[in-house]
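Engineer: the following comprises the amino acid sequence and a computationally predicted model.
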Amino acid sequence: MDKILHQPLGGNEMPRFGGIATMMRLPHLQTAAGLDAAFVGVPLDIGTSLRAGTRFGPREIRAESVMIRPYNMATGAAPFDSLSVADIGDVAINTFNLLDAVRIIEESYHKILEHNVIPLTLGGDHTITLPILRAIHKKHGKVGLVHIDAHADVNDHMFGEKIAHGTTFRRAVEEGLLDCDRVVQIGLRAQGYTADDFNWSRNQGFRVVQAEECWHKSLAPLMAEVREKVGGGPVYLSFDIDGIDPAWAPGTGTPEIGGLTTIQAIEIVRGCQGLDLVGCDLVEVSPPYDTTGNTSLLGANLLYEMLCVLPGVVHR
């Protein structure tokens, strides 16, 4: 049976302010059956440490995605011409119990991955990446990682808790989910408590690219290095919106000045072209802190750019 190539609802078929709010106005399906890639929302914010609000991230990202058209004029990518893509809605997390929510997310992604689909996740705080990586590991084994963030998220604990949005990648290493020689963290910056806040990552074999290394330059050369570092196996892409400077992305829970630009963000995602991406996420969008909607708009466009670099996408 031929797969169905779903298309985003066009602006001349339904006004962009109308219709059901799905990612890029794609069809909403109940499961990932028959899909090559699926947009999934995880509206979690009880893993945050400062400002809450990421529970509203998936809804606002979808709302701001209405202007995104199917063809990428810059790269020639035409994802909807070769991949079957749809929005399969949100994971029904337990909003009162973080550990139970983590369990629910992991079980939900096990079911999603049974369909050999690549999940594109709308977060939600960065806690969600740990259960997703657990499910990815069961399907693909250890993965390489491209991680964009202001923070390394390698705390041993937060207020004594082993699982929160700042502990994700330490737990992932301890659980054997990552191929540590194929991990790059980009955009880390600001202050810490000790040098170990970033050096722990380096000691695991990660390539750490602090934000200062990115100032005033194109990141295309860096991404050539990244592809060399993380290639050769399955790769997961995790993009924390606070990797971007708050001048462009103020709607996040833990903003840090001196961050990446939106242009650099696009360069990073486009620079993942050719990697064996098995999953992607865009996390930490907190709409209450950006009434303009610009942070959610950026998140929506970066998710589209992720779709455009998935394996199997044709270019026209």
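Structural biologist: Nice, I can see it.
Engineer: quick one: secondary structure of C180?
Structural biologist: strand (DSSP: H, G, I helix; E, B strand; the rest coil).
Engineer: and it, how far from T95?
Structural biologist: Between C180 and T95 the distance, using Cβ to Cβ, to the nearest Å, works out to 33 Å. Heads up, the C-betas are built off the backbone N, CA and C, glycines and all.
Engineer: the two: which has the busier surroundings?
Structural biologist: Neighbour count, other Cβ atoms under 10 Å: between C180 and T95, C180 has more, with 16 against 13.
Engineer: my guess is the more buried one contacts N203, does it?
Structural biologist: No - using Cβ atoms under 8 Å, C180 is not in contact with N203, being 9.6 Å away.
Engineer: show me which positions of the lowest-mean-pLDDT helix or strand in the chain end up buried.
Structural biologist: Here the helix or strand of the chain ranked lowest by mean pLDDT, DSSP states H and E is helix 196-204, holding a mean of 95. Buried residues in helix 196-204, counted by 16 or more other Cβ atoms under 10 Å: 197-198, 200-201, 204.
Engineer: which residues touch S238?
Structural biologist: 126, 129, 145-149, 280-281, 283 (Cβ atoms under 8 Å, 6 or more residues apart in numbering).
Engineer: redo that, cut-off 10 Å
Structural biologist: Shown in contact with S238 (Cβ atoms under 10 Å, 6 or more residues apart in numbering): 121, 123, 126, 128-129, 132-133, 145-149, 153, 168-169, 172, 185, 279-283.
Engineer: look at L237 and give its secondary structure.
Structural biologist: strand.
Engineer: which residues of this protein fall in helices?
Structural biologist: For the chain, the helices defined by DSSP state H cover 57-64, 98-113, 129-140, 168-174, 196-204, 220-230, 262-270, 294-308.
Engineer: can you put the ones you listed in JSON lines and add distance to P70?
Structural biologist: What follows is the helices of the chain, written out as JSON lines (distance: least, Cβ to Cβ, whole Å):
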{"stretch": "helix 57-64", "distance to P70": "16"}
{"stretch": "helix 98-113", "distance to P70": "23"}
{"stretch": "helix 129-140", "distance to P70": "26"}
{"stretch": "helix 168-174", "distance to P70": "32"}
{"stretch": "helix 196-204", "distance to P70": "37"}
{"stretch": "helix 220-230", "distance to P70": "24"}
{"stretch": "helix 262-270", "distance to P70": "17"}
{"stretch": "helix 294-308", "distance to P70": "9"}
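Engineer: what's the closest of those helices to I4?
Structural biologist: The closest of the helices of the chain to I4 is helix 294-308. By Cβ to Cβ, the value is 16.4 Å.
Engineer: identify the bridge partners of V209.
Structural biologist: In this entry, V209 is beta-bridged to I186, by DSSP bridges.
Engineer: surely it meets I148?
Structural biologist: Yes - under the criterion of Cβ atoms under 10 Å, V209 is in contact with I148, at a separation of 9.4 Å.
Engineer: anything in contact with each of these two?
Structural biologist: 184-188, 268.
Engineer: please identify which pair of those residues lies farthest apart.
Structural biologist: Maximum distance among the shared contacts of V209 and I148 (Cβ to Cβ): 13.5 Å, for L188 and I268.
Engineer: next, show the common contact partners of these two.
Structural biologist: In contact with both L188 and I268: 148, 209, 243, using Cβ under 10 Å, 6+ apart.
Engineer: export those to TSV and tack on distance to A63, neighbour count and pLDDT?
Structural biologist: Below are those laid out as TSV (distance: Cβ to Cβ, whole Å; neighbours: other Cβ atoms under 10 Å; pLDDT from 0 to 100):
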residue	distance to A63	neighbour count	pLDDT
I148	23	26	98
V209	32	19	98
G243	22	28	98
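Engineer: and those, which is closest to V314?
Structural biologist: Among the shared contacts of L188 and I268, and counting by Cβ to Cβ, the member closest to V314 is I148, at 26.0 Å.
Engineer: which residues does the closest residue to I148 other than its chain neighbours contact?
Structural biologist: Distances taken as Cβ to Cβ, 6 or more residues apart in numbering place G243 nearest to I148, at 4.1 Å, with adjacent residues excluded. Neighbouring residues of G243 by Cβ under 10 Å, 6+ apart: 147-151, 185-189, 211, 214, 249, 252, 256, 259-260, 264-265, 268, 284.
Engineer: please consider this matter closed, and thank you.
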